[in-house]
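Trainee: Structure for the following, please:
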Amino acid sequence: MKFFLDTASIEQISKWKKFDLVHGVTTNPTLLSKESSDPVKVIKEICKIVNGDVSAQVTERNSKGMIEQAKFLRSIDKKKIVIKLPCTLDGIQAARFLSDKNYKINITLGFDPAQISTFKNINISYFSFIIGRVEDFGDSNISNIPLLKLMIKKLNPKIKFLAASIRNSSQLLSAATNGADVITVPPTTWDKIYKNKYTLDGEKSFMESWEQLPNDVRKKYEIKK
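Mentor: Here you go, the predicted structure:
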């Protein structure tokens, strides 16, 4: 299982790469727009610092436009760029054409396991299944995670199940323990996980107890400065 970082922030990619949590990067138009910079330059810079796949999403709405844009996006880095296409009929048509040209493809905005059905004979690299965003509408996709994994196994085992829109540790654990091959996590979620209030409170409690000892006693235990 791999962890991708769901961001277009060079700063955040550099930060979390140090913790071995950036095996690839997924971007989208929203994330790129937040950087207030030339998106092509941003993608190029990401490819320079990331060793794995980098998803770049099309902004065209029809299949012909998607295909033309995909050609350009792929030219940024032919080894690392994965073309991100929406799970729409136009996106599927584009995926069929591009897969025959050996493009790496990430189908995004997957909300229903049944949507994987059309990819039995289309060799996409990833199917991005949205988890967190569904809860914004008062629903849940957690129970569908193992169903999607089973569908992929039966239809086209070469496809990697990418769990996306991970907003908390519960969603991450559900994806990880139910067969996701890749989990793409935004930096904000990693921040929440590693700023666990019980962990931080425990650290604070330990140090408060420690500081009750006389300074000369503590120095014997601590690193000399």
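Trainee: Quick one: residues in contact with stretch 161-169.
Mentor: 4, 6, 26, 106, 108, 126-135, 145, 148-149, 152, 171-172, 175-176, 179-186, 188-189, 192-193 (Cβ atoms under 8 Å, 6 or more residues apart in numbering). Glycine gets a C-beta too; all of them are placed from N, C-alpha and C.
Trainee: Give me the subset of those residues lying in helices.
Mentor: 132-135, 145, 148-149, 152, 171-172, 175-176, 188-189, 192-193 (DSSP state H).
Trainee: can you pick the most crowded of the residues you listed?
Mentor: A175 (27 neighbours; other Cβ atoms under 10 Å).
Trainee: I figured that one hits V185, correct?
Mentor: No: when contacts are counted by Cβ atoms under 8 Å, A175 is not listed as touching V185 (9.6 Å).
Trainee: all strands for this protein, in order.
Mentor: Listed in chain order, the strands of the chain (DSSP state E) span 2-6, 25-26, 54-57, 81-86, 105-110, 126-130, 160-164, 182-185.
Trainee: Adding mean neighbour count and distance to S37, write those strands out as a markdown table.
Mentor: Output for the strands of the chain, formatted as a markdown table (neighbours: other Cβ atoms under 10 Å; distance: least, Cβ to Cβ, whole Å):
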| stretch | mean neighbour count | distance to S37 |
| --- | --- | --- |
| strand 2-6 | 22 | 17 |
| strand 25-26 | 28 | 15 |
| strand 54-57 | 28 | 15 |
| strand 81-86 | 24 | 18 |
| strand 105-110 | 24 | 22 |
| strand 126-130 | 25 | 24 |
| strand 160-164 | 24 | 23 |
| strand 182-185 | 25 | 21 |
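Trainee: so can I have JSON lines of these showing distance to L32 and mean pLDDT?
Mentor: Putting the strands of the chain into JSON lines (distance: least, Cβ to Cβ, whole Å; pLDDT from 0 to 100) gives the following:
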{"stretch": "strand 2-6", "distance to L32": "12", "mean pLDDT": "98"}
{"stretch": "strand 25-26", "distance to L32": "11", "mean pLDDT": "98"}
{"stretch": "strand 54-57", "distance to L32": "8", "mean pLDDT": "98"}
{"stretch": "strand 81-86", "distance to L32": "11", "mean pLDDT": "98"}
{"stretch": "strand 105-110", "distance to L32": "14", "mean pLDDT": "98"}
{"stretch": "strand 126-130", "distance to L32": "16", "mean pLDDT": "98"}
{"stretch": "strand 160-164", "distance to L32": "16", "mean pLDDT": "98"}
{"stretch": "strand 182-185", "distance to L32": "15", "mean pLDDT": "98"}
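Trainee: any chance of those in a markdown table, plus distance to W210?
Mentor: Shown next, in a markdown table, are these (distance: least, Cβ to Cβ, whole Å):
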| stretch | distance to W210 |
| --- | --- |
| strand 2-6 | 34 |
| strand 25-26 | 40 |
| strand 54-57 | 44 |
| strand 81-86 | 48 |
| strand 105-110 | 48 |
| strand 126-130 | 45 |
| strand 160-164 | 40 |
| strand 182-185 | 33 |
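Trainee: how about M66, what does it touch?
Mentor: 58, 60, 85, 90-91, 94.
Trainee: at 6 Å what do you get?
Mentor: 58, 60, 94 (Cβ atoms under 6 Å, 6 or more residues apart in numbering).
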